[in-house]
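K.L.:
Please find the sequence and the predicted model below.
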Amino acid sequence: MAMSYDRAITVFSPDGHLFQVEYAQEAVKKGSTAVGVRGKNVVVLGVEKKTVAKLQDDRTVRKICALDDNVFMAFAGLTADARIVVNRARVECQSHRLTVEDPVTVEYITRFISSIKQRYTQSSGRRPFGISSLIVGFDFDGTPHLYQTDPSGTYHAWKANAIGRSAKTVREFLEKNYKEEHMESDTDTIKLAIRALLEVVQSGGKNIELAIMKRDESMKILVQEEIEEYVTAIEKEKEEAEKQKKKT
Amino acid sequence: MALANVLQSESVDFSNYGRKCRGFTSSLYETELGLESVGGDNLSFAVRTACSDGDGSERKIQFLHGTTTLAFKFQHGVIVAVDSRATAGAYIASQTVKKVIEINPYLLGTMAGGAADCSFWERLLARQCRVYELRNKERISVAAASKLLANMVYQYKGMGLSMGTMVCGWDKTGPGLYYVDSEGNRVCGDLFAVGSGSMYAYGIVDSGLKQKDLTVEEACDLGCRAIYQATYRDAYSGGQVNLYHVHSEGWNRVSQSDVLLLHQQYQAEKA
């Protein structure tokens, strides 16, 4: 029947749900975890690295992408969908530089990505993007930001957040352990992100990929050794905390 | 300008008169033509009049190249000074033209070239600037505003637009001054003068800007004097000097002085 083909894929249900969008959010929950923390002088994104097959090249699986010198993002969900969104965002960052002669603000590019996602929930013949993303960076005036978008096209600013598998557990951990004073120190911010990921990731530091950006510097992806250093430091702190508990 | 059109179709003699006088006033006339060829890309904007003068030659629409507009940056912002005369050949069409367009409370644009082109595109720019402000919750920068204008008119390049404007404002990087024209030029600078009287104005401002920090009054006086001197020597500039000052809070209109009264004032000072 010709009619069924030009109906929009996303239609309202009788009780007001957009089921396709909700199913997309389910797809996101199946993706590997990503965590983001906004410190005072540094922003951190960490993702759970799935164990690669023996013959697979490790470097081709990158879940953290730079959008411009001052913004980068991580996602959870369908990798192929993410590639499209990241491409469009990268082009928009340069278009913005061309017309306005200023780098994008994190809020602007988040708004742009969200508008794309929303458009796909309201077009005929298209399905929503199956990704949630964490977008972090510094604005031109130096303020750090962390935003989260989801398949419906909404976005919110966060101090720290997690998406993907076990996002709820990680978020609860962050809510318990996020301390405003700790965010002044770069190492504490990074440690918080790693500790949050360690909660849900199997076999420790090997399966974590971390990217940080300090104000006025470009994004830096931490090498495995650096991550191991942080992990050992964290484990030491854990042991000492437990010893303290035993004493009292 | 519409007035010029009306005049040309009614009285053929005026444009002929200008051409006959070419021998004497050639330098000034050529300045005008020179600007036209810059704005036209060898595309002459011709108008066929009802009563042509026998040889059926096409008459060109006279644009506002006969003008002097000036803007310069200084420590306390930007001074914008313009004359107010509109000419159609050797006929003074108006002595009270507003050549500064108020784009929004913190951005100004000047008018040189086609009056309709300037005011239309700058009003369109005002609309774009407002939408930007609403979307991004902050004022648009002067660089971005001038870029928007330049991109808008670039799409019509070669189609006969004639516009030479200066976009002046104050944004978070300080005072901003850009020259934008219908050729697609967009240049950032500290001092611009546009129009047939621009050379005379440059002379005054260049010598007056020697001292590094001018006060607001000194800068206003400099702008006023530069336009006055241009009107003194350039036949196509005159009327009144409209003076604006752009500062961190926005722009305000400083003064509107009749050139004849300024002449008497400066003569008295000399004596």
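P.N.:
Right, received. Where do you want to start? These numbers come from a predicted model, not from an experiment.
K.L.:
a strand runs through residue A:172, doesn't it?
P.N.:
No: using DSSP: H, G, I helix; E, B strand; the rest coil, the secondary structure at residue A:172 is helix, not a strand.
K.L.:
And the helices in chain A, which stretches?
P.N.:
Listed in chain order, the helices of chain A (DSSP state H) span A:2-5, A:19-30, A:79-100, A:106-119, A:167-177, A:186-198, A:224-247.
K.L.:
Save the ones you listed as a markdown table, and put in distance to residue A:129, mean neighbour count and mean pLDDT too.
P.N.:
All C-beta spots, glycine's among them, are computed from the backbone N, C-alpha and C. As requested, the helices of chain A are exported to a markdown table (distance: least, C-beta to C-beta, whole Å; neighbours: other C-beta atoms under 10 Å in any protein chain shown; pLDDT from 0 to 100):
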| stretch | distance to residue A:129 | mean neighbour count | mean pLDDT |
| --- | --- | --- | --- |
| helix A:2-5 | 21 | 6 | 46 |
| helix A:19-30 | 7 | 16 | 92 |
| helix A:79-100 | 5 | 16 | 94 |
| helix A:106-119 | 5 | 20 | 95 |
| helix A:167-177 | 17 | 16 | 93 |
| helix A:186-198 | 24 | 21 | 91 |
| helix A:224-247 | 30 | 12 | 90 |
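K.L.:
Which pLDDT value belongs to residue B:55?
P.N.:
Here, the pLDDT recorded for residue B:55 equals 45.
K.L.:
what do you get for residue A:200?
P.N.:
Residue A:200 is assigned 89 on the pLDDT scale.
K.L.:
so who does residue A:96 touch?
P.N.:
The contact partners of residue A:96, by C-beta atoms under 8 Å, 6 or more residues apart in numbering or on different chains, come to A:102-104, A:108-109.
K.L.:
just residue B:85 next, same as before
P.N.:
B:66-67, B:92, B:94-95, B:97, B:231, B:236-239.
K.L.:
switch to 6 Å and redo it
P.N.:
B:95, B:237-239 (C-beta atoms under 6 Å, 6 or more residues apart in numbering or on different chains).
K.L.:
Spit out the contact partners of residue A:49.
P.N.:
Going by C-beta under 6 Å, 6+ apart, residue A:49 touches A:207, A:209.
K.L.:
Could you pull out the buried residues of stretch B:128-138?
P.N.:
Of the residues in stretch B:128-138, B:128-129, B:132 count as buried by neighbour count, 16 or more other C-beta atoms under 10 Å in any protein chain shown.
K.L.:
so how far is it from its chain's centroid?
P.N.:
Here stretch B:128-138 is found 27 Å from its chain centre; the criterion is C-alpha atoms, centre = their mean, to the nearest Å.
K.L.:
now stretch A:192-208
P.N.:
Chain-centre distance of stretch A:192-208: 15 Å, with C-alpha atoms, centre = their mean.
K.L.:
And stretch A:72-80, by the same measure?
P.N.:
7 Å.
K.L.:
hang on, the earlier thing: generate a markdown table for the helices of chain A, with distance to residue A:37 as supplementary columns.
P.N.:
Output for the helices of chain A, formatted as a markdown table (distance: least, C-beta to C-beta, whole Å):
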| stretch | distance to residue A:37 |
| --- | --- |
| helix A:2-5 | 46 |
| helix A:19-30 | 20 |
| helix A:79-100 | 21 |
| helix A:106-119 | 14 |
| helix A:167-177 | 8 |
| helix A:186-198 | 5 |
| helix A:224-247 | 13 |
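K.L.:
Of all those, which one comes closest to residue B:257?
P.N.:
Nearest to residue B:257, of all the helices of chain A, is helix A:79-100, at 37.5 Å by C-beta to C-beta.
K.L.:
ok, now which ones touch the residue nearest to the spatial centre of chain A?
P.N.:
By C-alpha atoms, centre = their mean, chain A has its centre lying nearest to residue A:134, at 2.9 Å. Each residue near residue A:134 by C-beta under 6 Å, 6+ apart is listed here: A:34, A:36, A:74, A:148.
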